[in-house]
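Q: give me coordinates for this.
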Amino acid sequence: MSSPKILFGFHAVGVRMKTAPKSVIEVYFEPTRRDARMRQFLERAQEAGVRLIEADGPRLAKLCGGHGHQGVAARVEHIPQVHSLDDLLDSLSEPPLILVLDGVTDPHNLGACLRVADGAGAHAVIAPKDHAVGVNATVAKVASGAAETVPYFMVTNLARTLGELKERSIWCIGTSDDAPKTIYQVDLKCPVALVLGAEGDGMRQLTRKTCDELVGIPMKGAVESLNVSVASGVCLYEALRQRN
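A: Numbers count the residues shown, from 1 in each chain. Presented below is the predicted three-dimensional model:
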């Protein structure tokens, strides 16, 4: 059995209490914080029936590995996830919408990407094991609960996984500054995997070559590129707009 893990921040802990209250072992809170947000949080915790423990700032910082906890943290059990990408795809009753991240190693970027993926209704996020960050406490906090709701698969060989998606008739669309089309000129209503690289380096060459098509995001100002989480939001919400 997996050992318990720590979540911290109002969003991350609040979503877990809402979606799986029985998995919350205990919630730690800073008693000196008495603002409306903390009062509302504690009311929800009491309604969920979770165990509440007072903890001062230094204890919370030690528990969370930093000071960005907002005065709340929780020790929680792992929630069983879908065992494999194949299982997930087999279970879908609508065209898959997948976000693929190549080379995203910053936990804040991954957390923001997971949050966007949840908001846009993406079915999963895929990343390579050797060029990505795993879901840690920082990712979970930035994701504001999305790390608990969006399946995140780390694969050994990303190009091979893209090939397997293509065998399932999932169109793999990569993003590139020099692409001949924009994201607004392609059909995203079909089964699709949107492939984005890290800011600066972009996708690796093999990943780029494996994509069925490349598209760009129009840039009208002085900056040359967007943060990967912002770019993910642009692409995923265009897919959502088309599908709606």
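Q: in this protein, where's the longest helix?
A: helix 228-243 (DSSP state H).
Q: who does that one touch, helix- and strand-wise?
A: strand 97-102, helix 107-120, strand 192-197 (3 or more CB pairs under 8 Å, 6 or more residues apart in numbering; DSSP states H and E). (C-beta placed from N, C-alpha, C; glycine too.)
Q: so which of these gets nearest residue 7?
A: helix 107-120 (12.1 Å; CB to CB).
Q: neighbouring contacts of whichever helix or strand comes after that closest one?
A: Going down the chain from helix 107-120, the next helix or strand is strand 124-128, by DSSP states H and E. Outside strand 124-128, the residues within contact range by CB atoms under 8 Å, 6 or more residues apart in numbering are 85, 88, 96, 98-104, 110, 113-114, 117, 150-158, 161, 193.
Q: rerun that using 6 Å as the cut-off
A: 88, 98, 99, 100, 101, 117, 150, 151, 152, 153, 154, 158 (CB atoms under 6 Å, 6 or more residues apart in numbering).
Q: tell me what the second one is bridged to.
A: With DSSP bridges as the criterion, residue 98 is bridged to residue 124, residue 193.
Q: any idea how far it lies from residue 8?
A: 29 Å (CB to CB, to the nearest Å).
Q: same check, this time on residue 85
A: Following CB to CB, the distance that separates residue 85 from residue 8 is 29 Å.
Q: the more surrounded of the two?
A: Taking neighbours as other CB atoms under 10 Å, residue 85 and residue 8 compare with residue 8 leading, 25 against 20.
Q: what pLDDT does the residue with the largest distance to the centre of the chain get?
A: Distance from the C-alpha centroid of the chain, by CA atoms, centre = their mean, peaks at residue 32 (31.9 Å). The score at residue 32 is 92. That number is its pLDDT.
Q: the nearest residue to residue 134 once chain neighbours are set aside: which element?
A: The shortest distance from residue 134 to any non-neighbouring residue, by CB to CB, 6 or more residues apart in numbering, is to residue 154 (6.7 Å). Using DSSP H and E, residue 154 sits in strand 152-155.
Q: list the neighbouring strands of that strand plus their orientation.
A: Strand pairing (DSSP bridges) places strand 152-155 next to strand 124-128 (parallel).
Q: send the alpha carbons of the strand it pairs with over as PDB?
A: Provided in PDB are the C-alpha atoms of strand 124-128 (Å, rounded to 0.1, in the frame of the first residue of the first chain):
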ATOM      1  CA  ALA A 124      -5.400  13.000 -19.800                       C
ATOM      2  CA  VAL A 125      -2.000  14.500 -19.800                       C
ATOM      3  CA  ILE A 126       1.000  12.600 -21.000                       C
ATOM      4  CA  ALA A 127       4.700  13.300 -20.500                       C
ATOM      5  CA  PRO A 128       8.000  11.400 -20.900                       C
END
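Q: report the rounded mean pLDDT for it.
A: Rounded mean pLDDT across strand 124-128 is 95.
Q: what angle do it and strand 192-197 make?
A: 40 degrees (axes from the mean of the first three to the mean of the last three CA atoms, to 10 degrees).
Q: measure the residue nearest the centre of the chain to residue 204 for me?
A: Taking CA atoms, centre = their mean, the centroid of the chain lies closest to residue 114, which sits 1.5 Å from it. Separation of residue 114 from residue 204 (CB to CB) stands at 21 Å.
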